[in-house]
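J.: let me see the structure of the following:
(one chain, ligands or ions: 2)
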Amino acid sequence: MAGKKRKDDKFKKNILCIGGGYVGGSTMAVIAHKCPHYKVTVVDINHNRINQWNSDMLPIYEPGLDDIVQTTRGKNLFFSADIERGIKEADIIFVSVNTPTKTFGTGAGMAADLQYWEKTARQIRDASDSNKIIVDKGTLPVKTALAMERILTATNNDVHFDVISNPEFLAEGTAISDLIDPDRVLIGSRETPDGIHARNEIVGIYKNWVPEERIITSDIWSSELSKLTANAFLAQRISSINAISALCEKTDANVNEIAHAIGLDKRIGDKFLSASVGFGGSCFQKDILNLVYLCRYYGLNEVADYWESVVRINDYQKERFIFNMLLTMFNTLVDKKICLFGFAFKANTGDTRESPAIYIAKRLIEEKAELVISDPQALENAKMDLGGMDGRIQYVEDPYEAAAGCDAIAVMTEWDMYTNLHYEKIYQSMSKPAFIFDGRNILNHKMLFEIGFNVFPIGKPKLSHFRER
Ligand code: UDX
Ligand code: ADP
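T.: Numbers count the residues shown, from 1 in each chain. Ligands and ions are numbered 1, 2, ... in the order given. The predicted structure follows:
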């Protein structure tokens, strides 16, 4: 049986990726770019997504991605809807399907929803007629690779599968540079001769451009848990600095000064210490809740509570932001027009998954405010996120037009463009008193105050034209 695979002789190996989202699409584009001797194919159940990958309007926005896709597509990078054929032809299959948080049944709101992933495992098994290495790219609860192995080997054919864990650490907005110059690549496998052989095959792919000392290997379980732990630690830093920002606002300390002072300590480091309206993105909350679920499953309730508090502080930070707006704007937001600068969960992406802006927008609508949402990349996603909301929402790309006539601007995303706007002109066009709530601390607060705005940063003294009493 094994070895029936149709091989395209032009290429040394056939690599398939199931799931053409942010992770699968970007990773495969870079592998194709760096390894012209491999044929790389991306398949997805979403045909529309595949059509977009084959068009001039890629389904995701990532700096540098368009150029790479343009130079490789049709040469050694292909996007296809034929999943079965892709599986048959592949030597190595990366699995990069989504694993959102479960919304139903046991573990709802906490555990990962593994239905897409399990369907993929069965599909690989049923379509395979030659040996394959399966590489798990997603963030999955620990021991998933074992479940994958069990599904793959549940029927009695001669095909041999090795399952590898290769978690992805790329961040959106910098995906291409993270892939081209990664801090590390982690590859986990079983420590059997077959497992180590398969692991070396995957190391061989990355060795085409990543220095060997940055490619680390481990047992499969440690690799899976490293991904959850990395995201939990990163999110924990943001919640830590956000918790301190609340104290700063009460005591007139400046969270930026504190972040600078502690960041110079090499043991702490200066990254991921920007206080904000809260973290978003498809990974942090999902992965922490996954970790919490795992800990509770193993009876480690204290450990679960510890990590859960990272998400609790994030929720608190978003609610605190709304509460500040309400309090400052005379305890009512009814009929006030509020402009959100940014809707993406961070700059340089159109992605809005778990964006704090979604929560803020929904709460503002609950308070019966009128919203104008502005963002250079994320308006289409914003419309979907807020679809069906009862309320007055406008979507306006131009920030000047968006802010005109508004009572307040709330900065949700740290897009560079917001730092360079003509705020004098914006102030003139707004209703008075005019407020700015800088949820990202990116603006020049003193200058805004001098123009006439009442300015409310995160974790820094407010600059208000009102007399205290
Ligand atoms: C994250 C991890 O960084 C990445 O390694 C993993 O593979 C996927 O999850 P991503 O979600 O793309 O990547 O974005 P990231 O840059 O980590 O930012 C996450 C959120 O935290 C954003 O909402 C961002 O604005 C916020 N953030 C980040 C802060 O509020 N303060 C900071 O100092 C850093
Ligand atoms: P990520 O950010 O982790 O890449 P995305 O949601 O952007 O997540 O991408 C996951 C992709 O996986 C989606 O395009 C989705 O259509 C695809 N997908 C989900 N299940 C399957 C499946 N069984 N077969 C093929 N593709 C799938």
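
J.: now do the end-to-end distance for stretch 411-429.
T.: 17 Å (Cα to Cα, to the nearest Å).

J.: same thing with stretch 69-79?
T.: End-to-end for stretch 69-79, by Cα to Cα: 11 Å.

J.: could you chop the protein up by domain?
T.: As given by automatic domain parsing, the domain ranges for the chain are 13-210, 219-469.

J.: export these to a markdown table and tack on mean neighbour count and mean pLDDT?
T.: All C-beta spots, glycine's among them, are computed from the backbone N, C-alpha and C. Formatted as a markdown table, the domains of the chain follow (neighbours: other Cβ atoms under 10 Å; pLDDT from 0 to 100):
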| stretch | mean neighbour count | mean pLDDT |
| --- | --- | --- |
| domain 13-210 | 19 | 91 |
| domain 219-469 | 19 | 96 |
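
J.: out of those, which gets nearest to ligand 2?
T.: For the domains of the chain, the distance to ligand 2 is smallest for domain 13-210, at 1.8 Å, taking Cβ to the nearest ligand atom.

J.: the closest one close to ligand 2?
T.: Yes: residues of domain 13-210 contacting ligand 2 under Cβ under 6 Å from any ligand atom: 18-24, 44-46, 49, 83, 96-98, 116, 119-120.

J.: where's the residue of the chain found nearest ligand 1 relative to K346, distance?
T.: Closest to ligand 1 within the chain is G281: 2.9 Å, counting by Cβ to the nearest ligand atom. Computed as Cβ to Cβ, to the nearest Å, the G281 to K346 distance reads 7 Å.

J.: touching both of the two, which residues are there?
T.: E172 (Cβ atoms under 8 Å, 6 or more residues apart in numbering).

J.: how close does the residue of the chain closest to ligand 1 get to A90?
T.: Applying Cβ to Cβ, the value for G281 to A90 is 30 Å.

J.: distance between the lengthiest helix in the chain and the chain's centre?
T.: Ranked by number of residues, the top helix in the chain under DSSP state H is helix 220-251. Taking Cα atoms, centre = their mean, to the nearest Å, one finds the center of helix 220-251 at 15 Å from the center of the full chain.

J.: would it count as contacting ligand 2?
T.: No: Helix 220-251 stays clear of ligand 2 (Cβ under 6 Å from any ligand atom), getting no nearer than 11.7 Å.

J.: that helix close to ligand 1?
T.: Yes: counting by Cβ under 6 Å from any ligand atom, ligand 1 has neighbours in helix 220-251: 231, 234, 238.

J.: what helices and strands are in contact with that helix?
T.: On a contact count with 3 or more Cβ pairs under 8 Å, 6 or more residues apart in numbering; DSSP states H and E, helix 220-251 meets helix 144-152, strand 161-165, strand 185-189, helix 255-263, helix 284-297, helix 301-328.

J.: can you show me the helices along the stretch 51-200 of the chain?
T.: 65-72, 83-89, 115-127, 144-152, 175-180, 193-206 (DSSP state H, counting those that start in this stretch).

J.: so can I have TSV of those helices showing distance to ligand 1?
T.: TSV is the format used below for the helices of the stretch 51-200 of the chain (distance: least, Cβ to the nearest ligand atom, whole Å):
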stretch	distance to ligand 1
helix 65-72	14
helix 83-89	25
helix 115-127	17
helix 144-152	17
helix 175-180	8
helix 193-206	16
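
J.: K10: which of the ones you listed is closest?
T.: Shortest distance between K10 and these, using Cβ to Cβ, is found for helix 83-89: 12.8 Å.

J.: residues in contact with E370?
T.: Contacts for E370 (Cβ under 8 Å, 6+ apart) come out as 335-338, 391-393.

J.: over to K227?
T.: By Cβ under 8 Å, 6+ apart, the contact set of K227 is 139, 167-169, 186, 287.

J.: quick check, nearest of those residues to I458?
T.: Nearest to I458 among the contacts of K227, with distances taken as Cβ to Cβ, is D287, at 23.9 Å.

J.: do I have it right that the closest one meets L228?
T.: Yes: assessed by Cβ atoms under 8 Å, D287 is found in contact with L228 at 5.1 Å.
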